[in-house]
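Enquirer: model the structure of this input:
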Amino acid sequence: MSIKANLIEIKNTFTDPNCKLIAVSKTKPAELIMEAYEAGVRDFGENKVQEMVEKAEKLPKDIRWHMIGHLQRNKVKYMAEFVHLIHGVDSLKLLKEINKQAIKVNRTINCLLQVHIAEEDSKFGFDEKELLDMLAGEVIHELKNVKIIGLMGMATFTENQIQVEKEFAGLKSLKDKLSQSQLPENFDLQELSMGMTGDYLIAQKQGSTMVRIGTAIFGERDYN
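Expert: As a prediction, this is how the structure comes out:
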């Protein structure tokens, strides 16, 4: 099947038509990204900064680039000028670096705070206490060039759908709880980024506003 046909098929399965589709284009060549672009996709997700920078230079300028991978602080400067949304902000140190680089390019960078919801140790993210401690501190109020527009989480990689559903429901509950509290001025929690090719339908049922789908659009990844 073509990428366009894959996209139509995926969209037809969406339980929430307002949920944003982020096409995960990591490891995929520009030609395939253009196929998805020509089929109407504008939001693409990359997990390596260098790869995203190279693609952004040669692909249409109205593409909205999402940084969805684990982000190292020393790489922020390379994408500060153009990145649309950083999904995986997992520490205050990283947030401070994003703010610093955003000031240099005179813009405000939208971010999601990554929350650790999975049972696996390999996943990054804040736990609830770390998040609440950060919100209670002074430093977060000083970061005027970042805007926290939501939360992001990755469920445990398991066949157990009840567990996945529970983890997504927990993240939605945390977002609702935070939204009802007194938040810093640079917070506007609208987005909930959760769900990938294997679990996006569960995520949508639990309130996801954006899903990150790669394999179902582009086919299996090429790691060579």
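Enquirer: from here on, contacts and neighbour counts on C-alpha atoms
Expert: Will do.
Enquirer: contacting residues for residue 197?
Expert: Each residue near residue 197 by CA atoms under 8 Å, 6 or more residues apart in numbering is listed here: 212, 213, 214, 215, 216.
Enquirer: in strands, which of those appear?
Expert: Residues of the contacts of residue 197 located in strands (DSSP state E): 212, 213.
Enquirer: quick one: residues in contact with stretch 128-142.
Expert: Contact with stretch 128-142 is made by 92, 115, 174, 183, 184, 185, 186, as judged by CA under 8 Å, 6+ apart.
Enquirer: quick check: buried residues in that stretch?
Expert: 131, 134, 135, 140 (16 or more other CA atoms under 10 Å).
Enquirer: chain center to that stretch, what's the gap?
Expert: 21 Å (CA atoms, centre = their mean, to the nearest Å).
Enquirer: repeat that for stretch 24-36.
Expert: On the basis of CA atoms, centre = their mean, stretch 24-36 sits 17 Å off its chain's mean C-alpha point.
Enquirer: list the buried ones in it?
Expert: Neighbour-count burial for stretch 24-36, counted by 16+ other CA under 10 Å, picks out 24, 25, 26, 28, 33, 34, 36.
Enquirer: the residue nearest the centre of the chain sits in which helix or strand?
Expert: Nearest residue to the geometric centre of the chain (CA atoms, centre = their mean): residue 87, 3.1 Å. Element membership of residue 87 [criterion: DSSP states H and E] is strand 85-89.
Enquirer: follow-up on the earlier one: ok, so what distance separates the residue nearest to the centre of the chain from residue 6?
Expert: Look at residue 87 and residue 6: by CA to CA, to the nearest Å, they are 24 Å apart.
Enquirer: show me where pLDDT drops low in the protein?
Expert: Residue ranges of the chain with pLDDT under 70: 122-123, 221-224.
Enquirer: what about 80?
Expert: Low-confidence segments of the chain (pLDDT under 80): 1, 120-123, 220-224.
Enquirer: which residues of it fall in strands?
Expert: Under DSSP E, the chain gives strands at 20-24, 43-46, 64-67, 85-89, 109-114, 146-152, 187-196, 210-213.
Enquirer: could you save those strands as CSV and add columns showing distance to residue 127?
Expert: Formatted as CSV, those follow (distance: least, CA to CA, whole Å):
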stretch, distance to residue 127
strand 20-24, 25
strand 43-46, 24
strand 64-67, 21
strand 85-89, 12
strand 109-114, 9
strand 146-152, 12
strand 187-196, 16
strand 210-213, 21
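Enquirer: out of these, flag the one nearest residue 163.
Expert: The closest of the strands of the chain to residue 163 is strand 187-196. By CA to CA, the value is 13.4 Å.
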